[in-house]
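K.L.:
Sequence and computational prediction follow.
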Amino acid sequence: MLRGTLLVGLTLTMAAAATAQERREPPTEAVELFTQARAHYEAGRYPEAAEDLERALTLDPGSPTLLFNLARVYELMGELDRAVEYGEAYLRMVPEEDTEERANAETMLRRLQGARDWLALRAQAEQHAAPSLRQLAPRIVVRDRGVADTAFWVTLGAGAGALAIGAALGGVALSLERDVNGRIITPSENLDDYARNLASDGKRADSLALTSDILMGIGGAAMLSALLMYVLRVRTYERDATEEELSVTLGIEGRQASLRLRGSF
């Protein structure tokens, strides 16, 4: 047997298993592999420890010590199916009359089976939940400076229209003023008619010029207001985040418990 290489705690745990075997010396190579496995275990190299224990078990297949510690190492590695397999094999090695050790082995086995079943149920739940989680696109709050809403376009359009009409009336007023300034009296006109027509056209030119100035002023003010409305206002809204904007990747990671068993090497 390998009990000479175990720690004191494992010696107590394995005592019952030792009585179940015929007293014999294990193969020397199995003892060496077990010693290597213990060194790997103490250094946290569980895969290497499991490999050495597996090789030792092929040389000493009737060793409850190797079965027990393989169950322990595979539990720490998270390979619960294999841990349950070796836990069941260890339980079969414990004599029926050793009720205390059988109770300990059964408790260990129930814990391993419970952990395995719980992880399987959680994996199944996460698999079903994954599509719905992927459908929920992350939302972000965006603040954009520059708001081109209905008020902006109405103000901008009114200003542009006022400027256009003012420019057109200004052109008419200038044309009429040139006519007034260049008008000469005709032989068919008397002086009174000439003076009256000249004064009337001059008033029309002045009126059109004044209207043009007012419209141009209103149009300029409206255009400036539209510019300020666009530049100074801030729009806040939510939208789906793009892949480049995602800084956090959502995921569900499993938590593996590491329970210290009696008799671990």
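P.N.:
All right, it came through fine.

K.L.:
Every contact and neighbour count from this point should use C-alpha atoms.
P.N.:
Will do.

K.L.:
Could you pull up the mean pLDDT of whatever helix or strand L227 lives in?
P.N.:
L227 is part of helix 191-232 when elements are defined by DSSP states H and E. Mean per-residue pLDDT for helix 191-232: 81.

K.L.:
Are there helices or strands packed against it, and which ones?
P.N.:
Judged by 3 or more CA pairs under 8 Å, 6 or more residues apart in numbering; DSSP states H and E, helix 191-232 is in contact with strand 139-145, helix 150-182.

K.L.:
rerun at 7 Å
P.N.:
With contacts taken as 3 or more CA pairs under 7 Å, 6 or more residues apart in numbering; DSSP states H and E, helix 191-232 sits against helix 150-182.

K.L.:
Just the angle for the helix it packs on relative to helix 191-232, thanks.
P.N.:
Angle of helix 150-182 versus helix 191-232, following axes from the mean of the first three to the mean of the last three CA atoms, to 10 degrees, is 160 degrees.

K.L.:
tell me what helix 150-182 is packed against?
P.N.:
So helix 150-182, by 3+ CA pairs under 7 Å, 6+ apart, packs with helix 191-232.

K.L.:
can you pull the contacts of the closest residue to W153 other than its chain neighbours?
P.N.:
Leaving out its chain neighbours, the residue that sits closest to W153 by CA to CA, 6 or more residues apart in numbering is A226, at 7.6 Å. The contact partners of A226, taken as CA atoms under 7 Å, 6 or more residues apart in numbering, are 152, 155-156.

K.L.:
if we go to 10 Å?
P.N.:
148, 151-159, 220 (CA atoms under 10 Å, 6 or more residues apart in numbering).

K.L.:
just D52 next, same as before
P.N.:
D52 touches 30, 32-38, 40, 46, 70, counting by CA under 10 Å, 6+ apart.

K.L.:
please redo it, this time with the cut-off set to 6 Å
P.N.:
By CA atoms under 6 Å, 6 or more residues apart in numbering, D52 lies in contact with 33, 37.

K.L.:
any idea how far it is from Y46?
P.N.:
10 Å (CA to CA, to the nearest Å).

K.L.:
try D144
P.N.:
Relative to Y46, and taking CA to CA, D144 is found at 55 Å.

K.L.:
Kindly report the same for A160.
P.N.:
Relative to Y46, and taking CA to CA, A160 is found at 79 Å.

K.L.:
Just the pLDDT at A164, thanks.
P.N.:
pLDDT, read off for A164, is 92.

K.L.:
what's around it, how many residues?
P.N.:
Counted with other CA atoms under 10 Å, the neighbours of A164 add up to 16.
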